[in-house]
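Engineer: For reference, the sequence and a predicted model appear below.
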Amino acid sequence: MKPLSSRTAGFTDSVIRRMTRVCNQYGAVNLSQGFPDFDPPAPILKRLEQVAHEDFNQYSITWGANNLRRALAAKQSRFMGIDIDPDSQIVATCGSTEAMMAAVMTVTDPGDKLIIFSPFYENYGADVILSGAEPIYVPLYPPEFNFKPEELEAAFRQNPKALILCNPSNPSGKVFTRQELETIASLAEKYDTYVITDEVYEHIVYAPHEHVYFASLPGMFQRTLSCSSLSKTYSITGWRLGYIIAPAEIIDTAKKVHDFLTVGAAAPLQEAIVPGLLFDQSYYDELLALYTHKRDLLLKGLDDLHIAHTDPQGAYYVLLDISRYGFDSDLEFCEVLARDVGVGAVPGSSFFREPVNHLIRLHFAKKDETLLEALNRLEGMERKIPCRK
Ligand code: GLN
């Protein structure tokens, strides 16, 4: 038999999603793959029941159902401070996973270069390989995960086609400041580069930090593909609803890519989410209060257990330092953690370009009782996992 595509040899399956299967195998509390264990808002679920009996069982318009695009344009125009046209400036996708893949394919030809900050959400690596592009990694330095402007400019000098900006950032929890975004914007302008954002945690930004939409910076809308998702904002990760917002000339191309990749997101679900998109500000305030509480609960619990961790400014992930256990492989550590402690985490090496193996990622999009159970299990972790040093 001839070998299968060499393209696919360049990456493994997603370690994030593999860890969910490991958790299921050992009955571990799953703080690995980031998704809630609580219900989406009731009005959305009520609408979901209704749409089954309405006429939404066939394809929607490929770039998104009319009702969805209209409600989404109104919501995002409000938050982004940009007047977004629902007909020409939006493509609805199957989650931000497809949005990012389609955005990369819209912008790049094989061989084109793309700047990616490290640590980065693991999908970007596969997106780049599948589209035949080449990554240029620029490190973010802990504890604040700041970049060095001179290193970023050195990357821009290599003639990249685009930069991928995950803000708020998974897994670091970094929220880029306006000043940092302006630095990126001036380089994007100077070197005529597109910016592809992943802003799925746009509504989960802890005070005093604030989310600034990259596309809202002066002159940036024209070169930005703003990708996001409804998964985290409305606790519906399984619905697979995401989108790209960009100027019409870019969206015209993105529509073609999306059409042939997936035709469209699930029509009944596009309809059922509309009441969520119409929620007023109080919904977003409550969502943030909920995640602020969960973050505080988990971080305080980790502090009480003397487990060193990062301080997320946004999103719902925290990185724990496991150096004291002396493992050579953080993947193996996570397997032992799931098996012997009963808590699921993602090895930090899945996110870093640099050879990092002393960090693991937990998420806190879980009921309080789930987080407390995880903390309970983490107590005395050093007795349950013998040190290998
Ligand atoms: N974004 C989530 C995470 O990082 C999960 C995404 C996914 O598995 N599609 O865990």
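Structural biologist: Nice, thanks for sending it over. Residues are numbered from 1 along each chain as shown.

Engineer: Contacts only, for Phe327.
Structural biologist: 333, 336, 357, 388 (CB atoms under 8 Å, 6 or more residues apart in numbering). For glycine as for every other residue, the C-beta is placed from the backbone atoms N, C-alpha and C.

Engineer: pLDDT at the second one, what is it?
Structural biologist: Put plainly, it is Val336. Note for Val336: predicted pLDDT of 96.

Engineer: SS state for it?
Structural biologist: helix (DSSP: H, G, I helix; E, B strand; the rest coil).

Engineer: Wait, it touches Arg388, no?
Structural biologist: No - at 10.0 Å, Val336 and Arg388 do not qualify as touching, with contact defined as CB atoms under 8 Å.

Engineer: sorry, back to before: from the contacts of Phe327, which land in helices?
Structural biologist: Within these, residues falling in helices by DSSP state H are 333, 336.

Engineer: Which among the contacts of Phe327 count as buried?
Structural biologist: Using 16 or more other CB atoms under 10 Å as the burial test, the contacts of Phe327 include 333, 336, 357 as buried.

Engineer: Closest to Leu31 out of those?
Structural biologist: Taking CB to CB as the measure, Leu31 lies nearest Phe333 of the buried ones among the contacts of Phe327, at 14.2 Å.

Engineer: got a list of what the closest one touches?
Structural biologist: 322, 325, 327, 347, 360, 385.

Engineer: Quick check: the closest residue to the ligand within the stretch 51-200 of the chain vs Glu122, distance?
Structural biologist: In the stretch 51-200 of the chain, the residue that lies nearest the ligand is Asn170 (5.1 Å; CB to the nearest ligand atom). Relative to Glu122, Asn170 is positioned 9 Å away (criterion: CB to CB, to the nearest Å).

Engineer: what residues do the two have in common as contacts?
Structural biologist: Phe351.

Engineer: So between these two, which is more surrounded?
Structural biologist: Asn170 (27 against 20; other CB atoms under 10 Å).

Engineer: ok, so of the contacts of Phe333, who is nearest Ser5?
Structural biologist: Of the contacts of Phe333, the one sitting nearest to Ser5 (CB to CB) turns out to be Pro347, at 26.3 Å.

Engineer: partner residues bridging that closest one?
Structural biologist: In this entry, Pro347 is beta-bridged to Ile360, by DSSP bridges.

Engineer: What's the local residue count around the nearest residue to Val212 once chain neighbours are set aside?
Structural biologist: Distances taken as CB to CB, 6 or more residues apart in numbering put Arg178 closest to Val212, at 5.0 Å, once the chain neighbours are dropped. Around Arg178 there are 12 other residues, counting by other CB under 10 Å.

Engineer: Val200 is in contact with Ser96, correct?
Structural biologist: Yes - in this structure, Ser96 is within contact of Val200 by CB under 8 Å, at 5.0 Å.

Engineer: Need the overlap of contacts for the two.
Structural biologist: 227-229, 231, 242.

Engineer: Closest one to the ligand out of the residues you listed, please.
Structural biologist: Ser231 (7.7 Å).

Engineer: got a list of what the residue nearest to that closest one when sequence neighbours are not counted touches?
Structural biologist: With sequence-adjacent residues excluded and distances taken as CB to CB, 6+ apart, Ser231 is closest to Thr237, at 4.2 Å. Thr237 makes contact with 34-36, 231, according to CB under 8 Å, 6+ apart.

Engineer: For Thr237, give its distance to the ligand.
Structural biologist: 7 Å (CB to the nearest ligand atom, to the nearest Å).

Engineer: Also Phe38?
Structural biologist: Taking CB to the nearest ligand atom, one finds Phe38 at 16 Å from the ligand.

Engineer: what do you get for Gly34?
Structural biologist: Gly34 is 3 Å from the ligand, by CB to the nearest ligand atom.

Engineer: A strand includes Glu210, no?
Structural biologist: No - counting by three-state DSSP, Glu210 is not part of a strand but coil.

Engineer: For the residue lying closest to it once chain neighbours are set aside, which three-state class applies?
Structural biologist: Once flanking residues are discounted, Glu210 sits nearest to Val175: 7.5 Å by CB to CB, 6+ apart. In three-state terms, and counting by three-state DSSP, Val175 is coil.

Engineer: could you pull out the strands for the chain?
Structural biologist: 29-30, 90-93, 113-118, 134-139, 162-166, 194-198, 224-229, 242-245, 317-321, 343-344, 346-347, 359-363 (DSSP state E).

Engineer: Name the residues that touch the first one?
Structural biologist: For strand 29-30, the surrounding residues in contact (CB under 8 Å, 6+ apart) are 19-20, 23-24, 342-344, 366, 370, 373-374, 377.

Engineer: all helices of the protein, in order?
Structural biologist: According to DSSP H, the helices that the chain contains are 15-26, 42-51, 66-80, 95-107, 123-131, 149-156, 178-190, 248-262, 267-272, 274-277, 281-304, 330-336, 368-378, 381-384.

Engineer: Give me whichever of these is most buried.
Structural biologist: helix 95-107 (a mean of 26; mean count of other CB atoms under 10 Å).

Engineer: can you give me the angle that helix makes with strand 224-229?
Structural biologist: Put simply, helix 95-107 runs at 160 degrees to strand 224-229, going by axes from the mean of the first three to the mean of the last three CA atoms, to 10 degrees.

Engineer: Okay, angle between helix 95-107 and strand 113-118 too, please.
Structural biologist: Going by the same axes, to 10 degrees, helix 95-107 makes 150 degrees with strand 113-118.

Engineer: for stretch 79-94, which positions count as buried?
Structural biologist: 80, 82, 84, 86, 89-94.

Engineer: And those, which is closest to Pro247?
Structural biologist: Gln89 (6.5 Å).

Engineer: Quick check: the closest one touching Ala246?
Structural biologist: Yes - in this structure, Gln89 is within contact of Ala246 by CB under 8 Å, at 6.4 Å.

Engineer: so how far is Ile115 from Leu48?
Structural biologist: Relative to Ile115, and taking CB to CB, Leu48 is found at 39 Å.

Engineer: Tyr284 versus the spatially closest residue to Pro275 that is not a sequence neighbour, what's the distance?
Structural biologist: Distance criterion CB to CB, 6+ apart; nearest residue to Pro275, sequence neighbours excluded, is Pro43 at 4.4 Å. Separation of Pro43 from Tyr284 (CB to CB) stands at 15 Å.
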